[in-house]
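*Asks:* Structure for this input, please:
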Amino acid sequence: MTGLKKIFNYNKWQIAFIAVFTLTNSIALKPINAAPAKHVMAITAEIPLKAFEGIYQQKENEFRVYKVVTDGDKLVAQQLGGDQKLTLTRKSDLEFEFLDDDGDEKIPVVFSKNEAGEIAQITLGGRQIWTKIKSYTPPKEIQLQPEQIKVLAGKYQSDERADLFLTITAIPDGLTLKQSWDGKEINFKPLSDVLFLNQAFGFPLKFTKDASGNPVKVLAFNRDTWNKVKE
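*Replies:* As a prediction, the model looks like this:
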């Protein structure tokens with residue numbers, strides 16, 4: 001299982017993810033420092049836990065999906081397509097939280113209703129939006145010809161930081177990405193000739209080609225652009 005604090009981190013600038021459920025918008029979620037309570041108060045909740053059950057998909061990344069179910073007096077969020085499982089503890093009628101892998105940070109999870117009064121959305125860490133969907137069909141991997149994969153290989157430079165690079169190499173069934181700043185490697189399987197996915201992380205790579213069919217850039221996590229280095 002990938003830890004909640006494993007991120008693409010280079011110096012003070014962060015780009016990609018707090019795997020697997022807590023993807024941030026370029027900064028890590030901060031811990032909630034609540035003052036110790038003098039009295040333990042029971043949580044008064046009008047909404048039954050069953051109302052929160054369902055499948056939730058991240059608004060900015062359709063490949064990050066969790067199924068939420070009840071487990072006693074808590075909710076459990078199970079990643080679809082991966083191994084991540086999170087236990088959500090109730091704090092109020094619509095507010096929950098879970099601990100990161102180290103147990104020293106509490107990540108807030110706030111549910112909200114639609115106009116019909118039904119639970120329809122999650123706001124994670126005050127930033128990410130996850131929408132409740134009726135059903136989910138896992139992405140299907142395809143097989144590509146070796147030359148379709150090899151053409152994507154090469155060195156890609158960050159659009160934000162000129163000193164940061166991704167090295168992408170072809171493997172028999174997909175691609176391997178290597179980060180210049182820490183040497184970490186991640187494998188991807190093809191969903192099309194320009195779209196690749198690491199399903200465990202819900203991490204897509206989307207390539208853009210020129211008129212000749214050569215890659216010119218790749219979009220990581222639907223957000224971060226890396227430009228192909230001419231060699």
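*Asks:* so what's the residue nearest to residue 108 when sequence neighbours are not counted up against?
*Replies:* Nearest residue to residue 108 in three dimensions, chain neighbours excluded: residue 97, at 5.3 Å (Cβ to Cβ, 6 or more residues apart in numbering). For the C-beta atoms, the positions are set from N, CA and C on the backbone; glycine is no exception. Counting by Cβ atoms under 8 Å, 6 or more residues apart in numbering, residue 97 makes contact with 32, 88-89, 91, 106-109.
*Asks:* Among the residues you listed, which one lies nearest to residue 182?
*Replies:* Nearest to residue 182 among the contacts of residue 97, counting by Cβ to Cβ, is residue 107 at 23.7 Å.
*Asks:* Which of the contacts of residue 97 sits closest to residue 230?
*Replies:* Nearest to residue 230 out of the contacts of residue 97 is residue 107 (Cβ to Cβ; 41.7 Å).
*Asks:* Assign the closest one to helix, strand or coil.
*Replies:* Local secondary structure at residue 107 is given as strand here, using DSSP: H, G, I helix; E, B strand; the rest coil.
*Asks:* can you check the one 10 residues further on too?
*Replies:* Under the three-state scheme (three-state DSSP), residue 117 adopts coil.
*Asks:* Tell me, how many residues neighbour it?
*Replies:* Residues within reach of residue 117, counting by other Cβ atoms under 10 Å, total 9.
*Asks:* roughly how far apart are residue 225 and residue 197?
*Replies:* Between residue 225 and residue 197 the computed distance is 18 Å (Cβ to Cβ, to the nearest Å).
*Asks:* show me where pLDDT drops low in the protein?
*Replies:* 1-44 (pLDDT under 70).
*Asks:* and with 90 instead?
*Replies:* Within the chain, the ranges that satisfy pLDDT under 90 run 1-46, 81-83, 100-104, 231.
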